[in-house]
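[1] coords please:
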Amino acid sequence: MTSDKVIEIHHLSYDYPDGSPALREIDLEVYRHESVAILGPNGAGKSTLLYHLNGTLMGRGKVIILGLSVEKKNLQEIRRRVGMVFQNPDDQLFCPTVYDDVAFGPLNMGVSEEEARSRVERALDMVGLRGFERRSAHHLSEGEKKRVALATVLSMDSEILALDEPTDNLDPAGSRTLIDRIRSIPQTKVIVTHHLPLAMDLCTRAVFLERGRKLEDLPMHGLLKDRGLLERFGFDADLALWLYERKKDQKELE
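    You can find the predicted model right below:
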């Protein structure tokens, strides 16, 4: 394994509890500092694949994270290294205050109170929520909750971020704020989304799943020129091309 390869998946298959197939023979490699979008229709297995990255689910095949095989004896270390941000922030926010939620992981990892405080401050800075420490996450807007959920994994100094539909249920302003914050984070990112503009904004590579199998794995600029693939999955090919050209123009202006 090369030093820059942070995720290796070999022949991964997984069945739902009722026996129906969710993933079939998935192979995938992700390199350090890459941002990879996992795309596909509902029921394609996108979230199921994501949850294998930190051992929330474990199927047949091999998943290796930063040189560690995803198996029971390695789960504590893997979950420190892979920060999972769930689609619904209420699934990971359960403490009385924002501070407690963001400090929970570091404190349970055994860091000192002083170090935990420093990590909380840094993580909340990264998501633009300094000053929210004593507020209850359950009284925040949906967008603010999602940023707190992101801060809970940033406080763990996770090297890989796994994000499941990060802008789901957000209005345009909330989506833009969250996207800007995610873009500013240097860690390797694997992002499940059905929003093509988000994938374009944040990712340089697109992996398509269909019925639990990997159908395509290509650079984002290659996807945006593939009208047939875009239309097959219900994306507006003309809008995608327009957004791509606009993004290129903006980069040239910069």
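
[2] show me where this protein has helices.
    Here the chain has its helices, by DSSP state H, at 46-51, 75-81, 98-108, 113-126, 142-154, 172-183, 196-202, 220-224, 227-232, 237-253.

[3] ok, and what's touching the fourth one?
    When you say that, I think you mean helix 113-126. 98-99, 102-103, 106-107, 111, 130, 132-133, 151-152, 154-157, 181, 184-185 (C-beta atoms under 8 Å, 6 or more residues apart in numbering). Glycine gets a C-beta too; all of them are placed from N, C-alpha and C.

[4] what about it, distance to the chain center?
    Relative to its chain's centre, helix 113-126 lies at 21 Å (C-alpha atoms, centre = their mean, to the nearest Å).

[5] kindly report the same for the third one.
    Distance, stretch centre to chain centre, for helix 98-108: 20 Å (C-alpha atoms, centre = their mean).

[6] make residue 1 into 11 and carry on from there
    Right, with 11 as the first residue, what we last looked at is helix 108-118.

[7] hang on, the earlier thing: could you pick out the buried ones from the contacts of helix 123-136?
    Listed as buried from the contacts of helix 123-136 are 108-109, 112-113, 116-117, 121, 142-143, 161-162, 164-167, 191, 195; burial here means 16 or more other C-beta atoms under 10 Å.

[8] in stretch 119-132, what counts as buried?
    119, 121, 126, 129, 130.

[9] pretty sure residue 247 is touching residue 240, no?
    Yes: under the contact definition of C-beta atoms under 8 Å, residue 247 touches residue 240, with a separation of 4.3 Å.

[10] looking at those two, which is more packed in?
    More crowded of residue 247 and residue 240, by other C-beta atoms under 10 Å: residue 240, with 19 against 16.

[11] please tell me how far the more buried one sits from residue 152.
    29 Å (C-beta to C-beta, to the nearest Å).

[12] gap between residue 169 and residue 161?
    16 Å.

[13] what does residue 119 give?
    From residue 119 across to residue 161, the span is 15 Å (C-beta to C-beta).

[14] swap in residue 246?
    For residue 246 relative to residue 161 (C-beta to C-beta), the value is 33 Å.
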